[in-house]
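Visitor: Just need the structure, nothing else, for what follows:
(one chain, ligands or ions: 2)
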Amino acid sequence: MPETRLSIQGLCRSFDGRRVVDDVSLEVAAGQVTCLLGPSGCGKSTTLRLIAGVERLDAGQIEMCGARVAAPGLHVEPENRQIGLMFQDFALFPHLSVADNVGFGLRGSRAERSARVEEMLGQVNMGRFAAQFPHELSGGEQQRVALARALAPRPAIMLMDEPFSGLDNRLRDEVRDQTLAVLKANGTAVLLVTHEPDEAMRMADEIALMRHGKIVQRGAPYNIYNTPVDKEAAAFFSDIN
Ligand code: ADP
Ligand code: MG
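Guide: Ligands and ions are numbered 1, 2, ... in the order given. Predicted coordinates:
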């Protein structure tokens, strides 16, 4: 069994007295992609923000690589959690070259850093763009650079929030497949948030279906698709083509 990298238990968070994340528990192992799937407003991004540490929990606990990083009275800052982040507006630094974007925040000697940048740009097939600037790249290319940047420091856990929703339909499936291959090659644990069932079906080893702040079902994609927990879950999956 691959090691558990991320383990959350009983996670809760309220805003203005309303519980937006309600007793959420999950684990993600090395090399595994778990999709947190659910309709808009169900609490997916808040869950991810709690795990990233940019939001504080009310109850529950979060462990990364066996060490507790958040619990009532305990809050490890985001920069001290071993996470990589990718959000919808992945925002590369516009004034830095592709290579400098990927190298930003890397530790080690200049030679070590530039070797790592080269390796990561190679992995996402962007080596020939190293000296270019973000505005010179297409959306799909920028996305690949953002992936290289997020993985360059070797995060134990990747947190991705609707990372493909800025791309047009024509590109999206291809970028999803490329991204998945790179994530798998790096063996990182991935928690990917999406409201699109087809994306979860395509990318997940495990789907955690979320509704009104709660995980209502967890399982392998085809188990969830074939054996939805209730009518609402069935309806949510019904418009996959
Ligand atoms: P999702 O990502 O599934 O669309 P979110 O986690 O962004 O859902 O939001 C869940 C609910 O929490 C929404 O009703 C949203 O308006 C509310 N919410 C999120 N962040 C805040 C905040 N900082 N203050 C108040 N309400 C918030
Ligand atoms: Mg969201």
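Visitor: Please count neighbours and contacts with C-alpha atoms only from this point.
Guide: OK.
Visitor: The residue positioned nearest the centre of the chain and residue 18, how far apart?
Guide: Per C-alpha atoms, centre = their mean, the C-alpha nearest to the average position across the chain is that of residue 160, at 2.1 Å. Between residue 160 and residue 18 the computed distance is 25 Å (C-alpha to C-alpha, to the nearest Å).
Visitor: Residue 133 too?
Guide: Residue 133 is 43 Å from residue 18, where distance means C-alpha to C-alpha.
Visitor: can you give me the helices for the protein?
Guide: With DSSP state H as the criterion, the chain has helices at 44-52, 98-103, 110-123, 139-151, 169-186, 197-203, 221-226, 231-238.
Visitor: Least confident of these, on average?
Guide: Per-stretch mean pLDDT for the helices of the chain is lowest at helix 231-238 (a mean of 89).
Visitor: what residues does that helix touch?
Guide: Defining contact as C-alpha atoms under 8 Å, 6 or more residues apart in numbering, one finds that helix 231-238 is touched by 197, 225, 228.
Visitor: How far off centre is it?
Guide: Helix 231-238 has its C-alpha centroid displaced from the chain centroid by 24 Å (C-alpha atoms, centre = their mean, to the nearest Å).
Visitor: Residue 4 bridge partners, please.
Guide: When bridges are called by DSSP bridges, residue 4 pairs up with residue 29.
Visitor: That one and residue 67 touch, don't they?
Guide: No: Residue 4 lies out of contact with residue 67 (C-alpha atoms under 8 Å); the separation is 11.1 Å.
Visitor: The two - which one has more neighbours?
Guide: residue 4 (17 against 12; other C-alpha atoms under 10 Å).
Visitor: Could you pull up the residues touching that one?
Guide: 27-30, 65-66.
Visitor: Nearest residue to residue 31 in space, please, no chain neighbours.
Guide: residue 187 (4.1 Å; C-alpha to C-alpha, 6 or more residues apart in numbering).
Visitor: how close does that neighbour sit to ligand 1?
Guide: Computed with C-alpha to the nearest ligand atom, to the nearest Å, the distance linking residue 187 and ligand 1 is 26 Å.
Visitor: And for residue 144?
Guide: For residue 144, the distance to ligand 1 - C-alpha to the nearest ligand atom - is 23 Å.
Visitor: contacting residues for the closest residue to residue 149 other than its chain neighbours?
Guide: Distance criterion C-alpha to C-alpha, 6+ apart; nearest residue to residue 149, sequence neighbours excluded, is residue 102 at 4.1 Å. The neighbourhood of residue 102, defined by C-alpha under 8 Å, 6+ apart, consists of 117, 120-121, 145-146, 148-150, 152.
Visitor: Now the contacts of helix 231-238 in CSV, please, with extra columns for distance to residue 87 and neighbour count.
Guide: Shown next, in CSV, are the contacts of helix 231-238 (distance: C-alpha to C-alpha, whole Å; neighbours: other C-alpha atoms under 10 Å):
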residue, distance to residue 87, neighbour count
197, 18, 21
225, 26, 19
228, 28, 19
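Visitor: Is it possible to get TSV of the residues you listed that adds distance to residue 183?
Guide: Output for the contacts of helix 231-238, formatted as TSV (distance: C-alpha to C-alpha, whole Å):
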residue	distance to residue 183
197	20
225	24
228	28
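Visitor: Would you mind putting the residues you listed into CSV with distance to ligand 1 alongside?
Guide: Below are those laid out as CSV (distance: C-alpha to the nearest ligand atom, whole Å):
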residue, distance to ligand 1
197, 13
225, 20
228, 19
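Visitor: list the contacts for the nearest residue to residue 214 once chain neighbours are set aside?
Guide: Of all residues not flanking residue 214 in the chain, residue 22 sits nearest, at 5.3 Å (C-alpha to C-alpha, 6+ apart). By C-alpha under 8 Å, 6+ apart, residue 22 lies in contact with 10-13, 212-214.
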